[in-house]
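Trainee: Pasting the sequence and the predicted coordinates here, then a few questions.
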2 protein chains.
Amino acid sequence: MAPQQDRPRGGRRRASHSMESVLTEAVALLDEAGEPALTFRALAQRLGGGVASIYWYVASKDELLDRATDHVIGAALADIEALPSHDDPIDDLRAMAVSLFDAIMERPWLGAYFMRNTDVQGNALRLYEKLGQQTLRLDLTARQRFHAVSAVVGVVVGSAIDLGQEPPQEVLDGAVGRDEFLGRYAQAWRELDPADFPFVHEIVDEFDGHDDIEQFRSALELTLAGLRLQAGA
Amino acid sequence: MAPQQDRPRGGRRRASHSMESVLTEAVALLDEAGEPALTFRALAQRLGGGVASIYWYVASKDELLDRATDHVIGAALADIEALPSHDDPIDDLRAMAVSLFDAIMERPWLGAYFMRNTDVQGNALRLYEKLGQQTLRLDLTARQRFHAVSAVVGVVVGSAIDLGQEPPQEVLDGAVGRDEFLGRYAQAWRELDPADFPFVHEIVDEFDGHDDIEQFRSALELTLAGLRLQAGA
DNA sequence: GCATCGTATCGAACGTTGTTCTATCGTAGC
DNA sequence: GCTACGATAGAACAACGTTCGATACGATGC
């Protein structure tokens, strides 16, 4: 038997990364199975390199998540900047909010990390700026503008987190459809005492098989209606 | 030298827990330093018992988090149910939303776990019911009522997550005050190009030293105004 | 009194994670 | 050819969630 070689004859290739490739693969892992799937070991394997190499690009997992978040916010921002402009600034605000909501819905993990990342040089600031520029076209005070933008972002991210949470394993597996999943809750609610839960009984049919996007749209319309009222338009 | 005894003379007392004590201590740990502080080992030490004992009460950390969340939502619900009633259902909705917001602000970790816990037998359902009952007093369709409640909850939780995120370590330590912390961002923003960031410059003075609660209140008012408009009152 | 059974507890161990340490490779500049 | 430095990597560490097997405690049946 030939003696084992410490190094294979061909010599194992050293991997060569880049900030771009690290973030791209990190996002890919997050997209596939959420935050628990993003481990340094899984990421290193994807990159074909060692675990410690990643630490040359980021100082910690927190920073990796921050940079990955900013990375995809950049893409969402590009979508928003490509949007056509309307006469009515509130129509623009709505279009931007919907676009942002769609981006977060495609990446359920994004919502949770969206907020804690208001870094000054980040894309989040540019996003705020883009939304805020629409409020400059409305007859509002500076304070009202400040509050309006955070209200719109709050509705988007609040809804996205609420609606985009990972469904239980059985739905992800495809073993149980989303409608059936909702239906179970609906059924349980129908069996509650109507005297104790009049509201739940009132809306259970609406809940059963409801559309997430419509729910968000509705919340957004309430905020925009309030804003329009405030602007006196 | 006396021979070592395997068991100390007095016999080490076995700890005796209860679901209540486990949840209470778990919440105490969460309150002190957020989710990372809640480890099974730290919790066991608090309870004066072993690590594995906790698994008799909960099957996993996820379940522990869920039960702890439901535990404090129960307290928040009690506060809300103790609220005096107004003639105007929207005033009631506002009071409830503010009360809920306050409860979440006192526990920054709560916001993140609030959503993923719409268990049927949970306090979250009772909370939805309580909010929803106010919409029954408004002239709305069932679908509008359903959307109204999720909009209000979305504003509350969205704002709470946004505003309640743990500030960086230096602020927690008290080394840097909150105002100074905000001021740094404000200063950095003031140095941006006004041509590229007109909105940021417009609101930077509002942001500097702003009050979180007022920001939430403002977002809530927009939604409630939209709701009032929808109800035609 | 004694065996029995289900409840409740505990220490030790396992596998995985983020992170650090130390050593090494490869290339640009001299 | 040598050096300096940017970049990579394997091995080790501490901490975490979780599991396992053993064991104490109290009530129950005889």
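Mentor: Ah, there it is.

Trainee: Look up how far A:Val204 lies from A:Ala188.
Mentor: 10 Å (CB to CB, to the nearest Å). In short, each C-beta sits where N, CA and C put it, glycine included.

Trainee: between the two, who's got more neighbours?
Mentor: A:Val204 (19 against 15; other CB atoms under 10 Å in any protein chain shown).

Trainee: Not counting the helix or strand containing the more buried one itself, show me its contacts.
Mentor: Using DSSP states H and E, A:Val204 falls within helix A:198-207. The contact list for helix A:198-207 (CB atoms under 8 Å, 6 or more residues apart in numbering or on different chains) reads A:182, A:185-186, A:189-190, A:192, A:194, B:125, B:128-129, B:131-133, B:135-136, B:142-143, B:145-146, B:149.

Trainee: mind listing what's buried in the helix or strand following it?
Mentor: Using DSSP H and E, the helix or strand that follows helix A:198-207 in sequence is helix A:212-231. Judged by neighbour count (16 or more other CB atoms under 10 Å in any protein chain shown), helix A:212-231 contains these buried residues: A:215-228, A:230-231.

Trainee: you'd agree A:Ala95 is up against A:Asp88?
Mentor: No - here A:Ala95 does not reach A:Asp88: they are 10.3 Å apart, not a contact under CB atoms under 8 Å.

Trainee: all strands of chain A, in order?
Mentor: Taking DSSP state E, chain A contains no strands at all.

Trainee: Can you find the helix or strand in it with the smallest mean pLDDT?
Mentor: Taking mean pLDDT, DSSP states H and E as the measure, chain A has helix A:169-172 as its least confident helix or strand, at a mean of 66.

Trainee: can you pull the pLDDT of A:Val98?
Mentor: Per-residue pLDDT puts A:Val98 at 98.

Trainee: OK, contacts around it?
Mentor: A:Arg217, A:Leu220.

Trainee: which helices and strands does the lengthiest helix in chain A pack with?
Mentor: Determined from DSSP state H, the single longest helix within chain A is helix A:142-164. Helices and strands touching helix A:142-164, by 3 or more CB pairs under 8 Å, 6 or more residues apart in numbering or on different chains; DSSP states H and E, are helix A:89-106, helix A:108-114, helix A:123-135, helix A:212-231, helix B:142-164, helix B:198-207, helix B:212-231.

Trainee: just so I know, which of these lies nearest B:Ser16?
Mentor: helix B:142-164 (35.4 Å; CB to CB).

Trainee: got the CA positions of the closest one in PDB?
Mentor: Extracted as PDB, the C-alpha positions of helix B:142-164 are listed here (Å, rounded to 0.1, in the frame of the first residue of the first chain):
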ATOM      1  CA  ALA B 142     -66.500  42.200   8.400                       C
ATOM      2  CA  ARG B 143     -63.500  42.400   6.100                       C
ATOM      3  CA  GLN B 144     -62.800  46.000   7.100                       C
ATOM      4  CA  ARG B 145     -62.900  45.100  10.700                       C
ATOM      5  CA  PHE B 146     -60.500  42.200  10.200                       C
ATOM      6  CA  HIS B 147     -58.100  44.500   8.400                       C
ATOM      7  CA  ALA B 148     -58.500  47.300  10.900                       C
ATOM      8  CA  VAL B 149     -57.400  45.200  13.800                       C
ATOM      9  CA  SER B 150     -54.400  43.800  12.000                       C
ATOM     10  CA  ALA B 151     -53.500  47.300  10.900                       C
ATOM     11  CA  VAL B 152     -53.600  48.600  14.500                       C
ATOM     12  CA  VAL B 153     -51.600  45.700  15.700                       C
ATOM     13  CA  GLY B 154     -49.200  46.100  12.900                       C
ATOM     14  CA  VAL B 155     -48.600  49.800  13.800                       C
ATOM     15  CA  VAL B 156     -48.000  48.900  17.400                       C
ATOM     16  CA  VAL B 157     -45.700  46.100  16.900                       C
ATOM     17  CA  GLY B 158     -43.900  47.600  13.900                       C
ATOM     18  CA  SER B 159     -43.200  50.800  15.900                       C
ATOM     19  CA  ALA B 160     -42.200  48.900  19.000                       C
ATOM     20  CA  ILE B 161     -39.700  46.700  17.100                       C
ATOM     21  CA  ASP B 162     -38.300  49.700  15.300                       C
ATOM     22  CA  LEU B 163     -38.000  51.900  18.300                       C
ATOM     23  CA  GLY B 164     -37.400  49.300  20.900                       C
END
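
Trainee: pLDDT value on the residue lying closest to A:Arg14 once chain neighbours are set aside, please?
Mentor: Nearest residue to A:Arg14 in three dimensions, chain neighbours excluded: A:Gly49, at 7.5 Å (CB to CB, 6 or more residues apart in numbering or on different chains). Model confidence at A:Gly49, given as pLDDT, is 93.

Trainee: just checking, A:Gly49 touches A:Ser21?
Mentor: No - if you go by CB under 8 Å, A:Gly49 and A:Ser21 don't touch, sitting 10.0 Å apart.

Trainee: So between the two, which is more surrounded?
Mentor: Neighbours per residue (other CB under 10 Å) separate A:Gly49 from A:Ser21, with A:Gly49 holding more: 18 against 15.

Trainee: Give me every residue in chain A lying close to DNA strand D.
Mentor: A:12, A:14-17, A:44, A:47-53, A:56-57 (CB under 7 Å from any atom of the strand).

Trainee: Same list, the helices and strands packed on helix A:142-164, but as TSV with distance to A:Thr39 please.
Mentor: As requested, those are exported to TSV (distance: least, CB to CB, whole Å):
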stretch	distance to A:Thr39
helix A:89-106	22
helix A:108-114	14
helix A:123-135	25
helix A:212-231	29
helix B:142-164	25
helix B:198-207	37
helix B:212-231	34
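
Trainee: Looking at those, which is nearest to DNA strand C?
Mentor: Closest to DNA strand C of those, according to CB to the nearest atom of the strand: helix A:108-114, at 13.2 Å.

Trainee: Report whether the closest one contacts chain B.
Mentor: Yes - part of helix A:108-114 sits near chain B under the criterion CB under 8 Å from any CB of the partner chain, namely A:Ala112.

Trainee: for the residue in chain A positioned nearest to DNA strand D, what are its contacts?
Mentor: Going by CB to the nearest atom of the strand, DNA strand D is nearest to A:Gly49 of chain A, at 2.2 Å. Each residue near A:Gly49 by CB under 8 Å, 6+ apart is listed here: A:Arg14, A:Ala15, A:His17.

Trainee: Can I get the buried part of these as one PyMOL selection?
Mentor: To isolate the buried ones among those in PyMOL, judged by 16+ other CB under 10 Å, type:
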select buried, chain A and resi 17
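
Trainee: For chain B, state which of the contacts of A:Gly49 is nearest.
Mentor: Nearest to chain B among those is A:His17, at 28.4 Å by CB to the nearest CB.

Trainee: how near is the closest one to A:His71?
Mentor: Distance of A:His17 to A:His71, computed by CB to CB: 15 Å.

Trainee: where in chain A is pLDDT low?
Mentor: Within chain A, the set of residues satisfying pLDDT under 70 comprises A:1-12, A:118-120, A:166-173, A:233.

Trainee: Count residues in the vicinity of A:Trp56, would you?
Mentor: Number of residues near A:Trp56 (other CB under 10 Å) recorded here: 10.

Trainee: Please report how far it lies from A:Asp66.
Mentor: Distance, A:Trp56 to A:Asp66, using CB to CB: 17 Å.

Trainee: With that, I have no additional questions.
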